[in-house]
Every structure is written in C-alpha cells, then in structure tokens.
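Trainee: Pasting the sequence and the predicted model now:
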Amino acid sequence: MTPSVDRLGRLLNLVPYLLTRPGILISEVAAEFHVTEKQLNEDLELLWVCGLPGYGPGDLIDMAIDGDRVTISHDAGIDRPLRLTQDEALALVVALRMLAETPGTGTRDAIERALAKIEHAAGDLAGTPVEVRLPANAERLDRLRAAVESGHALAMTYYTAARDETTERIVDPMRVLMVGGRAYLEAWCRRAEATRLFRADRIDAFTELDEPSAPPREAVPHDVSAGVFRPTADLPLVTLRVGRHSRWITEYYPVEEIRRDGHEWIVTMRVTDLGWAQRLLLGMGRDVTVLGPPELLARIRDQATAALDQYSAPAR
Amino acid sequence: MSRTRTERLVNLVICLLSTRRFLTAAQIAATVPGYEHDPEDPKDHEAFQRKFERDKAELRELGVPLETGTASVFDQEPGYRIAHREYALPDIILEPDEAAAVGIAARLWQHAGLAAAASSGLAKLRAAGVEVDPQATLGVEPVVTVDPAFGPLTTAARDRRAVTFSYRVPEVDDPMTRRLEPWGVVCWRGRWYVVGHDRDRDATRCFRLSRIVGNVRAAGRPGAFTPPENADLISHVVGWDSSVPHTGRATVTVRPGRAAGLRRWAVEALPGPDGDRLTVPYSDAERLASTLAGYGPDVRVDGPPEVREAVIQQLKEVVARHEGVPA
C-alpha cells in the first residue's frame, strides 16, 4: 500500500477510535497509531474541517481538545472502521490458526473463540483456503513451557546431533518457540556461555533447579526469521559431487552453491561439524563423493574401510 | 499525498456514506470541497474527471466499497454511493484473553507484506473499540514464515482461478510448467503446500511452495472450477508425506560410549563383552542402513541379513566411489 493511502486509512480509523475513547490522551493516541504527536495534531486539524459544508454544523466532524486530551463530539458518519480487506482477514485468520495449532500454548480455547469472532467479522472473506497442522508432542511442550514460566534454571540432558553426543548442562531458559514446525527452547547455556536454541525433541530429560533463571545481559534471542541454522563463514566448507538420488540434500540443508557437472552436481555447503558431515556422507553410498576438504575425504575412506573390516574379520 | 487531497478524499467518503441515492460526478463536485471547476470549460472539466478517477481508484485500493449505479431509470449518467453496511466493520466484542490472542497472532508474521496486513487489520479492530495489550505473550509462540508463492496461490484458491507455475523437484534438472486448479494452501510440519487438481495429470496433486520457481500466474477466469466439498486438504499432504510404522527390529553392536544418536533410538540396550547390543526399530532396511553406515566402525550390524547386507553394500560403494579421488 502506498504511503498516501496509509494516511487516509489512518484518518478513517482515527475517528471511530476516538469515538470509543472519549477524553483520551493525545500522546496515547499517537503511540497507538505509531505517529509523532505533531503528526497526530496535524491529522486532528485536518479532520476538524472535514464534512459536508453548508448543511449546518452537525455535518462537520467536531471535536473538543481539552489540554492534552481529545473527544470527538460528531463523527459525520464515519462511526465505524472500514471492514477488513482480504489481505488483512487472511493475515489475521491464518496467524490465529497457526497459534491455535501450536501445542503447549495453554490458551487454545481463547484463541479459537477469537478466531471464530474474527472470521465472523471478516464475513465472506473468512473462507480462507488455508489449513494448518503443526504436529508435535503437546504434553512435552506443556511441561517445557511450564518450566520456562516457573522462572527457574533447568538441568537437562540434551542430544547434540552435530557431535552425536548426549550431554548434561544447566541452562537459563528464555522462551519456547516453534520454527518450521519444530519446537525449540531458547536458553542461555552456562556450558557454552552463549544463547542456544535447543530442539525440544532432543531434550531427553530436564529438572527444575531451585535457583532462578538468570540469563546474563549478553543473552540475546536469535533472529529466526530466516530459519534456525544459518551457516556462518567461519564454518568448514565441504565440497561434494552429488548424484541424482541424493540431490535432496540441497533442499534439506542450506547450501552455498550448486553447479551442474555432467550427470551430477558439484555442491558446496557449510557444516557445523566435520563429524556430522562424515556420518551423513558415509550413509549416502554410491551417490555422493567428497571432494574436499582433504581431511574429510581421508576420514570417509578410513572409516568406511574400517567398518567393512568388521564384517570380513571374525566378530570382535 | 497533499493535505488538500487527503482532505478531499475524507470528504468524498463522508459525502458518499451520507447519501442513499447514487450521486453523479456533477452532484459530487457540487458538494465536496476541492472538486470546484467549470463544467463548460472542456479543459477544466477534463482535469476534474481525471482527479475524480484517481480518487476513486485510491478509495478502492484502501478497500472502500464504492458502489456504482444510477439514481433512476431515466438517468444516463452513472452515480456513486457507499453503503454503510458494506463499509463498516461488523460489531466485534473480544474478551481480554481473545484480544490478547489476536494481538499476539498479528505479530507472528515474518513476511513483510502479511505483517503489514495483520497490523492494519489489528488497527481496525482497535478502532472498533477492542483493547489489545501489546505486552501479552503466550508460553509458546510460532514463528510464521511463508514462501513468495503463498499470496498468489491463496488468492487464486479463493477466486477459484487456475494457475500455472514452474516447479522444480531437486532430482530433475529443469523446472516443469504445471497447471493447477488450486483448492487451498496447507501448512504441515512447518512447510507450505498447495493442493488441487493438476490439469495435466488429471489428478489431485500436492506441490511444495518452496519448489515453485518464479511467479505464479493466474490463468483464465475466476470461478472456473469447484473444489470438492469438504475437501480435507491436510489429509492429501499427510498422505503424501506419511511415514510407515517401524515394525522391523535390527540388532547392532555399538562400541562403548559411542553412537549416542542410535542409543536414543534403540528400544533395548544390553551391555555385552565387545560393546552394547542395541535393538533398533525400522521400517525401511535401506534407510536404516544409511544411518548405521554413518557410524562407521562404531557400529556393527548383527542382523537381520537384509540390514547387514545393505550396510555392507553401502560401505563398499563409499570405498569404491572415493578410490582415486586425489586427497
């Protein structure tokens, strides 16, 4: 929407907004509409002269400004906000459906009541052809959310797939969130001394400690708008030759580059851990060749050969 | 937009809301300040008409339901009005917990366009008297992202209009053009899909939005098809994406302290002389073999033979494929 239409939209909202809140502080209105007080005063001045001229004072928008407060005394017919547009109805209805489907919020009932009312207000537009299902372990998430809300630090057993290890750690919980259909606990990890996103399905056990959750000042939430794993330039770069049957990895993992090479593709990707890459690639059989780094190539060869030896030699 | 223009548009809305009869452009010009002109002067009149056209377009862009009609059968000239019933948001009363849910929902969008739509929708609810606590939170909040094709596909599904798009599956080199009657869009496990009738395959199909390349183009007129009644869109995607139950059982020996991921997956673990013996559930021997081969010499498969052979085969292929690669 263009900025010019923005102001008109704001003005048409402003009249009914003020109508339902007589004597409201002008500063409060400005904050609510995300404009400066100066801009809001200009809006009010503009509205003050609007209406149908020549039909008497009752046909103009009228208001009383008493110091820093404002009251609309005549609305000239703009007594209700405009109905929702298709996009507004879609954005609100789909977001509420997401929320209703999110396990562990504990307020599904209120969300569904709100959804029904918004759908009613949207009228014909509510037939939004969008369905949402976010399957997850609701019981586990309920417990996790309750633990975060208790405000205590947690001792937990966590499986780290990148290093294929299960560790005990103490964390200061910050929030629980769902990204890409998966639930995560975001917490300050005292072991790593950093903010970490822990996948809920990899938290094998946890107990609430007596001490409070106290994330330090430098504990900043992740920006997850572009996904949870965003490779950084300091991570090892792996180069692979990938055949058709393993081409799915380029959709599943973030990759740096894909280049066609005969019947195959040359793919470069950043990985958090070479051990993880080794486990992934050893299982990909005939379809993936490691081109670099040399260290990974050597590990793949050695590991595959050593693993095969187990089957040729008598049982160890 | 200049102040005078904004003022004129507010006045135009007030004027058209206040009338039951359709008003012609000339009648509107006589009432709304800012449209004064000399209708006898062709140049002046033309300038007015241009201005009026622009203003109408602006109101429609904002979603103002501008009706067109004639005041009586004798009138030739079109007239305009805004029906209050069509204009106004219906009464909506939200309990505090409901309002909090709407407020939270409105800020879930990461997509700029939908985030803007959600917040302007919320502004209208506030203007209708709904009080929304901006601080309210739920214990768990979803981060909602969508692919670029989301907007055009939901619009097309709503309008029952066919679409064409380029679709690339990773195993195929070139994107293929697909023609679809979209019934709806589905979010399943955090991924977005469109479900509908594929005109080329003449069958129901699901497409992943992230695999759509370039623009989604609407093709043909709205109302061109009727989706099946009570179509359970989710079930199409779930059916497409489902996993089989893990009824198979493999026995593996794992070196002490190694293969933590496999241990989590095991249904039974018994310590043995040369490592721990795990029982691992599976559905597809090849898929399990990929996981087991990943652990290299930390894991040895004891049975069944289909899994053991698959692992040996995988490892042989890895060795063969890496022979002669310069390190």
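Mentor: Sure thing, it's come through.

Trainee: From now on I want contacts and neighbour counts done on CA atoms only, so please keep to that.
Mentor: Will do.

Trainee: can you tell me which residues contact B:His246?
Mentor: Counting by C-alpha atoms under 8 Å, 6 or more residues apart in numbering or on different chains, B:His246 touches B:281-283.

Trainee: Neighbour-wise, which one of those leads?
Mentor: B:Tyr282 (20 neighbours; other C-alpha atoms under 10 Å in any protein chain shown).

Trainee: partners of that residue in the sheet?
Mentor: Beta-bridge partners for B:Tyr282, by DSSP bridges, are B:Gly248.

Trainee: go on, B:Gly275?
Mentor: Listed by DSSP bridges, the beta-bridge partners for B:Gly275 are B:Gly272.

Trainee: any idea of the pLDDT on it?
Mentor: In this model, B:Gly275 is scored at 89, pLDDT.

Trainee: Tell me how many other residues surround it.
Mentor: Count around B:Gly275 with other C-alpha under 10 Å applied: 19.

Trainee: and what of the one 3 residues further on?
Mentor: B:Leu278 is flanked by 25 other residues according to other C-alpha under 10 Å.

Trainee: show me the contacts for it.
Mentor: With C-alpha under 8 Å, 6+ apart, B:Leu278 has these contacts: B:251-254, B:263, B:266-270.

Trainee: In helices only, show me the residues you listed.
Mentor: The helices, defined by DSSP state H, take in B:Arg263 from the contacts of B:Leu278.

Trainee: just to revisit the earlier point, and of the contacts of B:His246, the nearest to B:Ser235?
Mentor: Distances from B:Ser235 to the contacts of B:His246, taken as C-alpha to C-alpha, are shortest for B:Ser283 (21.6 Å).

Trainee: Then B:Val143 would be within a strand, right?
Mentor: Yes: assessed by DSSP: H, G, I helix; E, B strand; the rest coil, B:Val143 belongs to a strand.

Trainee: What segments of the stretch 201-316 of chain A are helices?
Mentor: Per DSSP state H, counting those that start in this stretch, the stretch 201-316 of chain A carries helices over the ranges A:249-252, A:274-282, A:294-312.

Trainee: Distance from the shortest one to the middle of the chain?
Mentor: Yep, that's helix A:249-252 we're talking about. Chain-centre distance of helix A:249-252: 21 Å, with C-alpha atoms, centre = their mean, to the nearest Å.

Trainee: And stretch B:192-210, by the same measure?
Mentor: For stretch B:192-210 - counting by C-alpha atoms, centre = their mean - the centre lies 14 Å from the chain centre.

Trainee: Which of the contacts of B:Leu278 ranks first by neighbour count?
Mentor: B:Val254 (25 neighbours).

Trainee: B:Pro142 is in contact with A:Leu96, isn't it?
Mentor: No: using C-alpha atoms under 8 Å, B:Pro142 is not in contact with A:Leu96, being 10.4 Å away.

Trainee: returning to that earlier point: do you know which of the helices of the stretch 201-316 of chain A lies nearest B:Thr70?
Mentor: So among those, helix A:249-252 is nearest, using C-alpha to C-alpha, at 57.2 Å.

Trainee: Give the buried residues for the closest one.
Mentor: A:Thr250 (16 or more other C-alpha atoms under 10 Å in any protein chain shown).

Trainee: Output it as PDB - backbone C-alpha positions only.
Mentor: Provided in PDB are the C-alpha atoms of helix A:249-252 (Å, rounded to 0.1, in the frame of the first residue of the first chain):
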ATOM      1  CA  ILE A 249      20.200 -32.800   0.400                       C
ATOM      2  CA  THR A 250      20.400 -29.400  -1.400                       C
ATOM      3  CA  GLU A 251      16.700 -28.900  -0.400                       C
ATOM      4  CA  TYR A 252      17.100 -30.200   3.100                       C
END
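
Trainee: And chain B, is it touching that?
Mentor: Yes: Helix A:249-252 comes into contact with chain B (C-alpha under 8 Å from any C-alpha of the partner chain), by way of A:250-251.

Trainee: picking that back up, return the most buried member of the helices of the stretch 201-316 of chain A.
Mentor: Comparing those by mean neighbour count (mean count of other C-alpha atoms under 10 Å in any protein chain shown), helix A:274-282 comes out on top with a mean of 20.

Trainee: hey, C-alpha coordinates of that helix in PDB?
Mentor: What follows is helix A:274-282, C-alpha atoms only, in PDB (Å, rounded to 0.1, in the frame of the first residue of the first chain):
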ATOM      1  CA  LEU A 274      33.000 -32.500  10.200                       C
ATOM      2  CA  GLY A 275      32.000 -35.500  12.300                       C
ATOM      3  CA  TRP A 276      28.400 -34.700  11.400                       C
ATOM      4  CA  ALA A 277      29.200 -34.500   7.700                       C
ATOM      5  CA  GLN A 278      31.100 -37.800   8.000                       C
ATOM      6  CA  ARG A 279      28.100 -39.600   9.400                       C
ATOM      7  CA  LEU A 280      25.800 -38.100   6.800                       C
ATOM      8  CA  LEU A 281      28.100 -38.900   3.900                       C
ATOM      9  CA  LEU A 282      29.100 -42.400   4.900                       C
END
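
Trainee: show me where the stretch 151-300 of chain A has strands.
Mentor: A:152-160, A:165-179, A:182-189, A:194-199, A:203-212, A:237-242, A:257-261, A:264-270, A:288-292 (DSSP state E, counting those that start in this stretch).

Trainee: neighbouring strands for the host helix or strand of A:Thr71, and are they parallel or not?
Mentor: Using DSSP states H and E, A:Thr71 sits within strand A:69-74. Strand pairing for strand A:69-74, using DSSP bridges, gives strand A:24-25 (antiparallel), strand A:62-66 (antiparallel).
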